[in-house]
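S.K.: pasted the sequence and its predicted model underneath.
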Amino acid sequence: MTTVAVKPATMAQALTRAMRDAMAADPAVHVMGEDVGTLGGVFRVTDGLAAEFGEDRCTDTPLAEAGILGAAVGMAMYGLRPVVEMQFDAFAYPAFEQLVSHVSRMRNRTRGRMPLPITVRVPYGGGIGGVEHHSDSSEAYYMATPGLHVVTPATVADAYGLLRQAIASDDPVVFLEPKRLYWSKDTWNADHPTEVEPIGRAVVRRPGTSATLITYGPSLPVCMEAAEAARAEGWDLEVVDLRSLVPFDDETVCASVRRTGRAVVVHESTGFGGPGGEIAARITERCFHHLEAPVLRVAGFDLPYPPPMLERHHLPGVDRVLDAVARLQWEAEN
Amino acid sequence: MTVMEQQGAYRPSPPPAWQPRTDPAPLLPDAEPHRVLGTGAAADADPDLLRRLYAQVVRGRRYNTQATALTKQGRLAVYPSSTGQEASEVAAALALEERDWLFPSYRDTLAVVARGVDPVETLTLLRGDWHTGYDPHTHRVAPLSTPLATQLPHAVGLAHAARLKGDDVVALAMVGDGGTSEGDFHEALNFAAVWQAPVVFLVQNNGFAISVPLAKQTAAPSLAHKAVGYGMPGRLVDGNDAVAVHEVLSEAVRRARAGGGPTLVEAVTYRVEAHTNADDATRYREDDEVEAWRRHDPVQLLERELTARGLLDEEAIDAVRQDAEAMAADLRERMNQDPRLDPMDLFDHVYAEPTAQLREQRALLGTELAAEQDDQEGDPR
């Protein structure tokens, strides 16, 4: 009888394992980016891949994001499945033109003849004490670009499962990795990773009846903590983890809101023009008659990401989430 | 010999006495554009190649006039003419083997047609019924790229991937003089040189980026000089001399195929017509200049050479012209038929599987189309 090793693993380890397993399963999978080879990435997420698969499969590129993604386009045209790393969220901006003008629309412009199976890994978000340009939440930009899938894991199991799915996808996927969850641990069986829900499906992480917190990525732990704390107030909060921003799972979100009648969208990117506005509008359009209160947003302030010594005031924390929940109650009672 | 093997090549950790290399001579381009036609070297040109180039250049000229006429008839939304540049367009396609790939910019429809793509499919983007009309894999031609220089890193990536797979495939990427100012031009050349990718970059320097002349575009002695900084050879060639362009490009392709890495070729040519039909070229250049270039016409250059060598007589010229005329007539006839469009196609190629959101929107459009249909057929009551 063999014992299965179920050990605590970090999200970063699960991501590494996902790439390693994808590379072992399919010789077309190539990892590339700045510092991904010898160093194993500045977050060590590509650690060991160059040693195991060689520098042709895990390549340190020149420091040029447009060039990295542009080269990946040509590689995908020739049948490879590039997985590119944009070292930090705000460093991905030079690659935006390639992403918007080519990656997202190659399938469409060629009437389906030239799909591009590219995974763009973007470590994103704050809370790690990063200096300027190291903590942006740029998901709204990606969401606004048709042709891209936009995915963000919040658990160790999802980090592995969603990344494997992203790499296997015949469409380009922007894979947003919440930096501050890189070192979050969970018990996880690396040798037999359990299947996770497919890209495009949201998951109810915590059932509840008073209101729904809709969130993703770095804000999931905040919402889970808020839901625990809310019990003291007598509120039973449901927490929905979107996992995928594009495609968006209207079904799961609306089913939850119809049950609870109240919704708060929580994310750390800016509120104005941010994902929360889109989500609130979708809920209002579909669940208006089930709502006991307006859909509220708890988001980062509408300012450039603040310097690290002030970021805790910017990032939505448990208290700000609970305040919003309290406002939902007020709206309901008056 | 790779750049790193050259004497005096850059070392990552320079000793205190390190000096920048002072002799980039092996990479420096020719001082004058390379020419064959009208020189003694023309006598060595292969007669068959001359005839092929001539036939294609004449076809290209006719294609340009026909496409321009289609614009005036409202059949094309826009057409960026390459009249005057036919030689480098055609030589680009003819320098490649079937297994190689071409990465054209929006003005390079002639190169795409010379590569074997159906002219009507080549014009799909400019007609406006879809973006790319042809299957890129069939003739190994990437979609015409409208954003400047963004297709160059694609060429590098494809060539790199081909080499990783063990295929001796070369990618030829075309860009204009204005495109050399873009960041993607720099990144593509840098990646290509570092990876020693089998790529050839062809800059067609036609004098203007819409209205901005080369002197306001760059301070470099020539665009070919830019190659030096990346560690690849730069070649300067007369872009109106089809034989010279073919010679230089073929050499660069051979070099790339043999593992010698990338080359930057600058073809010096001229855009005789305006940028597109929407442009007024008289606002930024003198007629004298245009006339001087018209006297250095790529069709005339070839015709003179072929005639002088007895490879072309009136009968042969007539045959080539008739072939071009037939191509134009066919193009005209097929372009004058309205394309069959199905609006529902809009939703079919955004993702491999439409999202729930797109399925909803598809249903909405279906309802709208059905209502339109009812309106056209009249109220059934």
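M.R.: In hand now; what should we look at? Nothing here was measured: the structure is a model prediction, and the numbers come from that model.

S.K.: how is chain B partitioned into domains?
M.R.: Using automatic domain parsing, the domain parsing of chain B gives B:28-278+B:286-335, B:343-374.

S.K.: quick one: closest of the ones you listed to chain A.
M.R.: Between chain A and those, the tightest spacing by CB to the nearest CB is seen for domain B:28-278+B:286-335, at 2.6 Å. Where C-beta positions appear, they are placed from N, C-alpha and C, glycine not excepted.

S.K.: got any ranges where the chain has weak pLDDT?
M.R.: Went with chain A since none was named. Residue ranges of chain A with pLDDT under 70: A:1-5, A:330-334.

S.K.: meant chain B actually
M.R.: B:1-26, B:379-381.

S.K.: enumerate the residues of it near chain A.
M.R.: Taking CB under 8 Å from any CB of the partner chain as the contact definition, chain B meets chain A at B:130-132, B:135-137, B:142-143, B:147, B:150, B:152-162, B:164-165, B:171, B:183-184, B:187-188, B:190-191, B:194, B:345, B:348-352, B:355-357.

S.K.: tell me which of the domains of chain B sits most buried.
M.R.: Ranked by mean neighbour count, these are led by domain B:28-278+B:286-335 with a mean of 21 (mean count of other CB atoms under 10 Å in any protein chain shown).

S.K.: quick check: B:Asn190 touching A:Ala64?
M.R.: Yes - contact status for B:Asn190 versus A:Ala64: in contact at 6.8 Å, counting by CB atoms under 8 Å.

S.K.: what are the ranges of the helices in the stretch 251-381 of chain B?
M.R.: For the stretch 251-381 of chain B, applying DSSP state H, counting those that start in this stretch gives helices covering B:287-294, B:298-308, B:314-335, B:356-377.

S.K.: now the stretch 51-200 of chain B
M.R.: B:86-94, B:109-114, B:119-122, B:124-127, B:136-139, B:152-164, B:183-195.

S.K.: counting contacts, what elements does the last one pack onto?
M.R.: In other words, helix B:183-195. Other elements packing on helix B:183-195 under the criterion 3 or more CB pairs under 8 Å, 6 or more residues apart in numbering or on different chains; DSSP states H and E are helix A:65-77, helix B:152-164, strand B:199-205, helix B:226-230.

S.K.: quick check: angle from it to helix A:65-77?
M.R.: Per axes from the mean of the first three to the mean of the last three CA atoms, to 10 degrees, the angle that helix B:183-195 makes with helix A:65-77 is 70 degrees.

S.K.: what residues does helix B:183-195 touch?
M.R.: Outside helix B:183-195, the residues that touch it by CB atoms under 8 Å, 6 or more residues apart in numbering or on different chains are A:61-62, A:64, A:66-67, A:70-71, A:94, A:97-98, B:3, B:148-150, B:152-153, B:155-156, B:159-160, B:173, B:175, B:179, B:197, B:199, B:201, B:226-227, B:230-232, B:261-262, B:264.

S.K.: and A:Glu52, how many neighbours?
M.R.: Using other CB atoms under 10 Å in any protein chain shown, A:Glu52 has 11 other residues around it.

S.K.: buried sites along stretch A:53-60?
M.R.: Buried residues in stretch A:53-60, counted by 16 or more other CB atoms under 10 Å in any protein chain shown: A:53, A:57-60.

S.K.: of the domains of chain B, which is nearest A:Asp171?
M.R.: domain B:343-374 (5.1 Å; CB to CB).

S.K.: end to end, how far does the closest one reach?
M.R.: Domain B:343-374 has an end-to-end distance of 17 Å (CA to CA, to the nearest Å).

S.K.: check the offset of it from the chain's centre.
M.R.: Mean-position distance between domain B:343-374 and its chain equals 35 Å (CA atoms, centre = their mean, to the nearest Å).

S.K.: run through the buried residues of stretch A:53-60 and flag the ones next to chain B.
M.R.: Residues of these in contact with chain B (CB under 8 Å from any CB): none.

S.K.: for B:Thr355, which non-adjacent residue is spatially closest?
M.R.: Closest residue to B:Thr355 apart from its sequence neighbours, by CB to CB, 6 or more residues apart in numbering or on different chains: A:Pro247 at 3.7 Å.

S.K.: ok, the one you found - contacts?
M.R.: Residues counted as contacts of A:Pro247 (CB under 8 Å, 6+ apart) are A:149, A:199-200, B:351, B:355-357.

S.K.: repeat the analysis, applying 7 Å as the threshold.
M.R.: Shown in contact with A:Pro247 (CB atoms under 7 Å, 6 or more residues apart in numbering or on different chains): A:200, B:355-357.

S.K.: tell me the strands beside the helix or strand hosting A:Arg297, with direction?
M.R.: Here A:Arg297, judged by DSSP states H and E, is contained in strand A:296-300. Neighbouring strands of strand A:296-300 in its sheet, by DSSP bridges, are strand A:263-270 (parallel).

S.K.: need the contact partners of the strand it pairs with.
M.R.: Contacts to strand A:263-270, defined as CB under 7 Å, 6+ apart, come from residues A:125-126, A:137, A:139-140, A:211-216, A:218-219, A:222-223, A:257, A:274-276, A:279-280, A:283, A:295-300, A:302, A:315-316, A:321, A:324-325, A:328.

S.K.: filter these to the buried ones?
M.R.: Among those, those classed as buried by 16+ other CB under 10 Å are A:125-126, A:137, A:139-140, A:211-216, A:218-219, A:222-223, A:257, A:274-276, A:279-280, A:283, A:295-300, A:315-316, A:321, A:324-325, A:328.

S.K.: so of those, which ones are in strands?
M.R.: Among the buried ones among the contacts of strand A:263-270, the members found in strands (DSSP state E) are A:211-215, A:296-300.

S.K.: a strand runs through A:Thr59, doesn't it?
M.R.: Yes - under DSSP: H, G, I helix; E, B strand; the rest coil, A:Thr59 falls within a strand.

S.K.: run a quick neighbour tally on the closest residue to it other than its chain neighbours.
M.R.: The shortest distance from A:Thr59 to any non-neighbouring residue, by CB to CB, 6+ apart, is to A:Met32 (4.4 Å). The number of residues packed near A:Met32 is 24, by other CB under 10 Å.

S.K.: surely A:Met32 and A:Ile68 touch.
M.R.: Yes - taking contacts as CB atoms under 7 Å, A:Met32 lies within contact range of A:Ile68: 6.2 Å.

S.K.: quick check: neighbours shared by these two?
M.R.: Common neighbours of A:Met32 and A:Ile68 (CB under 7 Å, 6+ apart) are A:61, A:84.

S.K.: how about the residues of chain A by chain B?
M.R.: Residues of chain A found near chain B (CB under 7 Å from any CB of the partner chain) are A:56, A:62, A:64, A:66-67, A:70-75, A:77-78, A:80, A:97-98, A:101-102, A:107-115, A:146-147, A:170-171, A:247-248, A:250.

S.K.: picking that back up, dump the helices and strands packed on helix B:183-195 into CSV; add distance to A:Ala28 as well.
M.R.: Output for the helices and strands packed on helix B:183-195, formatted as CSV (distance: least, CB to CB, whole Å):
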stretch, distance to A:Ala28
helix A:65-77, 9
helix B:152-164, 9
strand B:199-205, 21
helix B:226-230, 29
